[in-house]
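> Output the structure for:
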Amino acid sequence: MTADLTDARALVTGAGHGLGRAIAVALAGAGADVAVHYGHSADEAEKTAADITALGRRAKTFAGDVRDAEQVNSVVAQAVDFLGGLDILVTNAGHLVARTPVAEMTDEHWHHVIDVNLTSTFLTCRAALPSLAASGGRIVTMASLASHNGGGGGAVAYAAAKAGVVGFTKGLAKEVGPQGVTVTAVAPGFIGGTAFHDTFTPPEAQTAIVGSIPVGRGGTPEDVAAAVVYLASPAARFASGSTLDLTGAQWPR
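Coordinates of the predicted model:
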């Protein structure tokens, strides 16, 4: 069985750049039409959509704050209307925001990180579930190596949010399995060439991390995208509830 997604209808959140862009384009490469969500990166989201249409698939961009239920509901409704239904949801949107020790962390920072990573996953899944139940669809959430090892310095809130995504994925998989919907997560380790590490991880730290990865290199956005395509495909129909670690054996479980 192959990862053939011909004519599948997908919504990817945070698809303007980085992992989200790679995922959206890879889904299109496998045959899917894609609704491209973005928060602030309008121009980048349009580039993602252009990459998708160049592959012969339909694409359209949709803006919204994934922390706000009303905006999430609107994005999902517009995406479903554009696509004519929904088969695949990838809740990629998320952010470290800043590296902050707990002793210095404000309430605002804590809630911001939890909301943009975990609450956004809940809100988007909730809004999309009626459409996904109608199609027997797939949900792929975005966890992180930090959900297993606590993350790097100043990333406690982020690690807690991503651990919550893993728990949410498992619980939701059990809840919606009888409706034919599968729910899985990917948990990337170090993925190079992204704004995430360029912003939050100094070059010398990146070099040290890559040196600790047994396969001898850092991951790429395309590595993550390939895993998402698999989990969104019929080939992964019995993988529901699982988290696929993408760490190059850096943190085997």
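> ok so L89 is a helix residue?
No - L89 is assigned strand when assessed by DSSP: H, G, I helix; E, B strand; the rest coil, not a helix.
> Which residues are in contact with it?
Residues near L89 by C-beta atoms under 8 Å, 6 or more residues apart in numbering: 10-11, 124-125, 128, 132, 137-140. Placement of C-beta: from N, CA and C, glycine included.
> What of A249?
By C-beta under 8 Å, 6+ apart, the neighbours of A249 are 213-215.
> Recalculate using a threshold of 7 Å.
Residues in contact with A249 (C-beta atoms under 7 Å, 6 or more residues apart in numbering) are 214-215.
> again, but for D245
Applying C-beta under 7 Å, 6+ apart, the residues near D245 are 187, 251, 253.
> any idea which residue sits dead centre in this structure?
Centroid-nearest residue in the chain, with C-alpha atoms, centre = their mean: N92, separated by 2.1 Å.
> Let's see if you can find the most crowded of the contacts of L89.
A10 (32 neighbours; other C-beta atoms under 10 Å).
> what about the spatially closest residue to it that is not a sequence neighbour, neighbour count?
Once flanking residues are discounted, A10 sits nearest to I88: 3.8 Å by C-beta to C-beta, 6 or more residues apart in numbering. As a burial measure, I88 scores 28 neighbours (other C-beta under 10 Å).
> And stretch 159-168, what's buried?
Buried positions in stretch 159-168, judged by neighbour count with 16 or more other C-beta atoms under 10 Å: 159-166, 168.
> Go through the residues you listed and flag which are in helices.
Among those, the members falling in helices are 159-166, 168 (criterion: DSSP state H).
> Quick one: low-confidence residue ranges for the stretch 1-150 of the chain.
The model of the stretch 1-150 of the chain has pLDDT under 70 over residues 1-2.
> quick one, helices of it?
18-29, 42-54, 69-83, 107-114, 120-135, 146-149 (DSSP state H, counting those that start in this stretch).
> closest to A239 out of those helices?
A239 lies closest, by C-beta to C-beta, to one member of the helices of the stretch 1-150 of the chain: helix 120-135, at 16.1 Å.
> ok, residues contacting the closest one?
Contacts for helix 120-135 (C-beta under 7 Å, 6+ apart): 11, 13, 66-67, 69, 72-73, 76, 80, 85-87, 89, 91, 93, 139, 141, 165, 168, 172, 176, 179, 181.
> repeat that for 6 Å
13, 66-67, 69, 72-73, 76, 80, 85-87, 89, 91, 93, 139, 141, 165, 179, 181 (C-beta atoms under 6 Å, 6 or more residues apart in numbering).
> Extract the residue ranges of the stretch 151-253 of the chain that are flagged as low pLDDT.
Ranges of the stretch 151-253 of the chain meeting pLDDT under 70: 197-198.
> repeat that for 50
Of all residues in the stretch 151-253 of the chain, none has pLDDT under 50.
> ranges for the helices of it?
Taking DSSP H, counting those that start in this stretch as the criterion, the stretch 151-253 of the chain carries its helices at 156-176, 195-200, 203-211, 221-232.
> TSV for these, including distance to G29?
Listed next are these as TSV, based on distance: least, C-beta to C-beta, whole Å:
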stretch	distance to G29
helix 156-176	25
helix 195-200	22
helix 203-211	27
helix 221-232	8
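> hey, which of the ones you listed is tucked in deepest?
The highest mean neighbour count among the helices of the stretch 151-253 of the chain, using mean count of other C-beta atoms under 10 Å, belongs to helix 221-232: a mean of 23.
> helices or strands next to it in the packing?
Applying 3 or more C-beta pairs under 6 Å, 6 or more residues apart in numbering; DSSP states H and E, we find helix 221-232 packed against helix 18-29, strand 138-142, strand 182-188, strand 243-246.
> so which of these gets nearest A195?
Closest to A195 of the helices and strands packed on helix 221-232, according to C-beta to C-beta: helix 18-29, at 5.8 Å.
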